[in-house]
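Student: Sharing a model prediction with you, sequence too.
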Amino acid sequence: MIILFLLALYDGEITPENLIELERNRMQYPTLAELHDSMLSIAVNYPQIAKLDSIGESYEGRQILYLEISDQPGTDEGEAGLFFIGLHHGAEWTSVIVPLFFADSLVSAYGQDSMITWIVDNCRIWIMPCFNVDGYHFSHDLGNTSWRKNRRPYGGSIGIDINRNYSGGCSGSANDTWGGQPHPNTSHQPSNMFFCGPAAFSEYENQALFTFLDNQYINTGISYHCYGESVSRPWHWSMNPSPDSTLLTMLCDTIAYMITCQSGSGHYTSFQQSSWYQICGAWADFMYGYNRYVRGKPCYPFTIELGTSVAPDTIYLPQICRENFKALPYLAQCIDSVVSVTPRIVIAPEIGYQQSGNDYTVYWIPQTDVSVNFWRLWEMTGMNVVTDTFGTSNMRWNFSGFSPSTQQAHSGSYSILADYIDGYLAHATTKYPHLVEPGDTASFWTYYDLEPNGDVAFFEISTDGLVWQQLSRLTGYQPFWHNISHPLDEYEGKSIYFRFRLSTDGDNRYAGIYIDDFCPTVGYGSVNLSPPIPDTFQQFTNMPYGTYFYRAQGYNDQGPGIQSQLTRIDVPVAIAEEKANAIVNQSIYPTISRRFQPVDMNGAQIYNILGQKINNITKPGVYFIERNQKITKIVVID
Ligand SMILES: [Zn+2]
């Protein structure tokens, strides 16, 4: 059904015949100030449908501006969201002109062209022509024409490739994450043109964009680069198809087929990005994966390599702009339908509980409107936290490329080692979530010998196993045991995973990295998965003394969804604390008056004078009985 729909759209002539002629001066490469002035002019001249705003400032303090074009700019009316972003890379000037042309065309054709009017009335379109403002200023305005990166100094060099600085595909695979080096087009050398930065989202520009994107629902978007006359789709990090590959491919193929090449014949090529080269931390992977796995909202992002050079002669710009404009009305018209039929996973619910003594109810609140077939509850007991000396069989970690070693050890005979596999990503990840308590600190010992900025190890933390935050970046020559520790205050009350990764480049093999005496490593005596639960709560009654951990997980046609955070429930000995207090607070002696009457013990819980639960009353004395959540003191005289 979808196939027919998309083909039908393509068969129709969706290019507006009467696109408004552009002002001539837009068909040149503007200075950053001229660009911003043009964007301001659009907002001033079309205030009903265009709004100028900034996502924040670049490293050098320049505003990163965008236009929102819609019939109610600034208002979320539940319309399809489209995002067009230009110039991640300073030298790729055409990628500024194309999104600016889009903004120009939309506002000037609004009310004149019925299709454009429909699009503006029924979609929310964000246009950010120049993301890397410092890089463009340096490349274009200051004449350093081949400059690619932003302008932040790091490690004795200047600039980070901000299309390598996103956190990754958020799919749960260690291989999808920022900083992996499966291809030379990602580097940890600050001087390299593909330097990915010291950590994911280390850059002001990427942080600002993350905040912006996280506050919108964007259904589709295109990031413009130069050059290559191609349209590509996620994944960029993996050769495997993405989960929505069929739909992504159809959209990608259709867009590519619409856009005629600069030569006047043939059309743009369409492919999965990784088939060109594999990198981690690119925009499209983040847009796709973060929205899919973390937010549960489908997003279809594409990358277009414009034209046949980074900054072609301006006489080619009208052709490039007009041809590429075709993607906008196409996506605007079909994206709602595509999103509506996109299978969604069940993202992590929020979990909580209500407790009364040794009875409690665990409940969870779905965070998406996707239909859920059933839920399951993981129950974990016998929690124990150890300093892992890696001496015994490691049931608490998932290893890939790390393995126990006796070559070096900080204590005992073993540590874990990842060594000298070129162009590889080794990782060790804790298997079970750990609920962070006040005062918790992560601590480990390490010994490493790594090619400086070529082979780099990371110590990372995550609350969901999807998005990881770096705590340590380790590289260079430190061949002696030393301790690294991080207070976990900001994670208090959250359940977390830890991960070590070693990303190696294609040359210079060194000894590698050893890790030992890691704490806290959590394990559980038992881990049980409940049968399917049709509702969003589960009741537990008369639970034995102990500490229980739960996390909930939804299942739908896509299989198991993302697990919730942990919730911890402590069942005290025999009687709940508040009941013990209630009993103690009752006066036991003296008994001023006595009213003797038979007591119905049916269904009652019985406690002795110390508040300890007992099965039967066998001797005269003072007891407490609990019925219907009411505690009554009784005196048994016979
Ligand atoms: Zn680029």
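Tutor: Okay, I see it.
Student: what about D570, which helix or strand?
Tutor: strand 567-571 (DSSP states H and E).
Student: And stretch 108-125, what's buried?
Tutor: For stretch 108-125, the neighbour count (16 or more other CB atoms under 10 Å) marks S108, A109, Y110, D113, M115, I116, T117, I119, V120, C123, R124, I125 as buried. Quick note: C-beta positions are derived from backbone N, CA and C, even for glycine.
Student: Does anything pack onto the strand holding D570? Which helices or strands?
Tutor: strand 350-356, strand 359-365, strand 546-556 (3 or more CB pairs under 8 Å, 6 or more residues apart in numbering; DSSP states H and E).
Student: export these to JSON lines and tack on mean neighbour count, distance to the ion and mean pLDDT?
Tutor: Formatted as JSON lines, the helices and strands packed on strand 567-571 follow (neighbours: other CB atoms under 10 Å; distance: least, CB to the ion, whole Å; pLDDT from 0 to 100):
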{"stretch": "strand 350-356", "mean neighbour count": "15", "distance to the ion": "39", "mean pLDDT": "92"}
{"stretch": "strand 359-365", "mean neighbour count": "19", "distance to the ion": "41", "mean pLDDT": "93"}
{"stretch": "strand 546-556", "mean neighbour count": "20", "distance to the ion": "37", "mean pLDDT": "95"}
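Student: what's the closest of the ones you listed to C226?
Tutor: Comparing those against C226 with CB to CB, the closest turns out to be strand 546-556 (41.0 Å).
Student: what's the next secondary structure element after that closest one?
Tutor: Following strand 546-556 in sequence, per DSSP H and E, is strand 559-560.
Student: Contacts for the strand holding D570 next, please.
Tutor: Strand 567-571 is contacted from outside by 351-353, 355, 357-358, 360, 362, 435, 543-551, using CB atoms under 8 Å, 6 or more residues apart in numbering.
Student: strands paired with it, and their directions?
Tutor: If you go by DSSP bridges, strand 567-571 pairs up with strand 546-556 (antiparallel).
Student: quick revisit: please flag which of the buried residues of stretch 108-125 sit within helices.
Tutor: In helices, defined here by DSSP state H, the members of the buried residues of stretch 108-125 are S108, A109, M115, I116, T117, I119, V120.
Student: where does the stretch 151-300 of the chain have low pLDDT?
Tutor: Nowhere does the stretch 151-300 of the chain drop to pLDDT under 70.
Student: Break down it into its helices, ranges please.
Tutor: For the stretch 151-300 of the chain, the helices defined by DSSP state H, counting those that start in this stretch occupy 204-214, 245-258, 283-289.
Student: now, which of the buried residues of stretch 108-125 sits nearest the ion?
Tutor: Nearest to the ion among the buried residues of stretch 108-125, counting by CB to the ion, is I125 at 22.1 Å.
Student: buried residues in stretch 195-213?
Tutor: Neighbour counts over stretch 195-213 (16+ other CB under 10 Å) mark 195-206, 208-210, 212-213 as buried.
Student: and C280, what does it touch?
Tutor: 164, 168-169, 175-182, 186, 196, 236-237.
Student: what do you get if the cut-off is 7 Å, keeping everything else the same?
Tutor: C280 makes contact with G168, D176, T177, W178, G179, G180, T186, W237, according to CB atoms under 7 Å, 6 or more residues apart in numbering.
Student: what do you get for V599?
Tutor: For V599, the contact set (CB under 7 Å, 6+ apart) comprises I625, I634.
Student: Tell me the spacing between it and the ion.
Tutor: Using CB to the ion, to the nearest Å, we find V599 at a distance of 82 Å from the ion.
Student: In terms of helix, strand or coil, where does that residue fall?
Tutor: coil (DSSP: H, G, I helix; E, B strand; the rest coil).
Student: how about a markdown table for the buried residues of stretch 108-125, with distance to D419 and pLDDT added?
Tutor: Formatted as a markdown table, those follow (distance: CB to CB, whole Å; pLDDT from 0 to 100):
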| residue | distance to D419 | pLDDT |
| --- | --- | --- |
| S108 | 61 | 90 |
| A109 | 61 | 92 |
| Y110 | 61 | 94 |
| D113 | 62 | 92 |
| M115 | 60 | 94 |
| I116 | 59 | 95 |
| T117 | 63 | 96 |
| I119 | 55 | 97 |
| V120 | 58 | 97 |
| C123 | 52 | 97 |
| R124 | 51 | 97 |
| I125 | 50 | 98 |
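Student: from those, which single one is nearest I631?
Tutor: Checking the buried residues of stretch 108-125 against I631 by CB to CB gives R124 as the nearest, at 58.6 Å.
Student: Please name the nearest non-neighbouring residue to R148.
Tutor: H89 (4.7 Å; CB to CB, 6 or more residues apart in numbering).
Student: Make TSV from the buried residues of stretch 108-125 and add distance to the ion to it.
Tutor: Shown next, in TSV, are these (distance: CB to the ion, whole Å):
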residue	distance to the ion
S108	28
A109	29
Y110	31
D113	31
M115	30
I116	28
T117	33
I119	27
V120	29
C123	26
R124	26
I125	22
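Student: quick one on the thing from earlier: if we compare the helices and strands packed on strand 567-571, which one ends up closest to G228?
Tutor: With CB to CB, the closest approach to G228 among those belongs to strand 546-556: 38.2 Å.
Student: for Y420, helix, strand, or coil?
Tutor: Per three-state DSSP, Y420 ends up coil.
Student: What sits closest to E68 if chain neighbours are left out?
Tutor: K51 (4.7 Å).
Student: Neighbouring strands of the one helix or strand that neighbour maps to in the sheet, and parallel or not?
Tutor: Assessed by DSSP H and E, K51 sits inside strand 50-57. Applying DSSP bridges, strand 50-57 is found paired with strand 63-69 (antiparallel).
Student: next SSE after the partner strand?
Tutor: strand 80-86.
Student: Need the pLDDT of R24.
Tutor: pLDDT for R24: 42.
Student: L317 falls within a helix, correct?
Tutor: Yes: counting by three-state DSSP, L317 is located in a helix.
Student: separation between the residue in the stretch 451-600 of the chain that the ion sits nearest to and Y217?
Tutor: Closest to the ion within the stretch 451-600 of the chain is D505: 21.1 Å, counting by CB to the ion. Per CB to CB, to the nearest Å, D505 is found 38 Å from Y217.
Student: what about the two, which has more around it?
Tutor: Shown here are D505 and Y217; by other CB atoms under 10 Å, D505 has more neighbours (20 against 17).
Student: ok, and the closest non-adjacent residue to that one?
Tutor: In this structure, D505 finds its nearest non-sequential neighbour in G454, 4.4 Å apart by CB to CB, 6+ apart.
Student: Name the secondary structure element that contains that neighbour.
Tutor: Per DSSP H and E, there is no helix or strand for G454.
Student: wait, it sits on Y510?
Tutor: No: with contact defined as CB atoms under 7 Å, G454 does not count as touching Y510 (8.6 Å).
Student: The two - which one has more neighbours?
Tutor: Ranked by neighbour count (other CB under 10 Å), G454 and Y510 place G454 first, with 21 against 18.
Student: Could you give the number of residues near the residue nearest to P234 when sequence neighbours are not counted?
Tutor: Counting by CB to CB, 6+ apart, Y288 is the residue found nearest to P234 once chain neighbours are left out, at 4.2 Å. Number of residues near Y288 (other CB under 10 Å) recorded here: 27.
Student: dump the residue contacts of Y288.
Tutor: Contacts of Y288 by CB under 7 Å, 6+ apart are P234, S242, C299, P301.
Student: Filter these down to just the ones in strands.
Tutor: P301 (DSSP state E).
Student: Sketch out the low-pLDDT regions of the stretch 1-150 of the chain for me.
Tutor: 1-26.
Student: Repeat that for the stretch 301-450 of the chain.
Tutor: 392-393.
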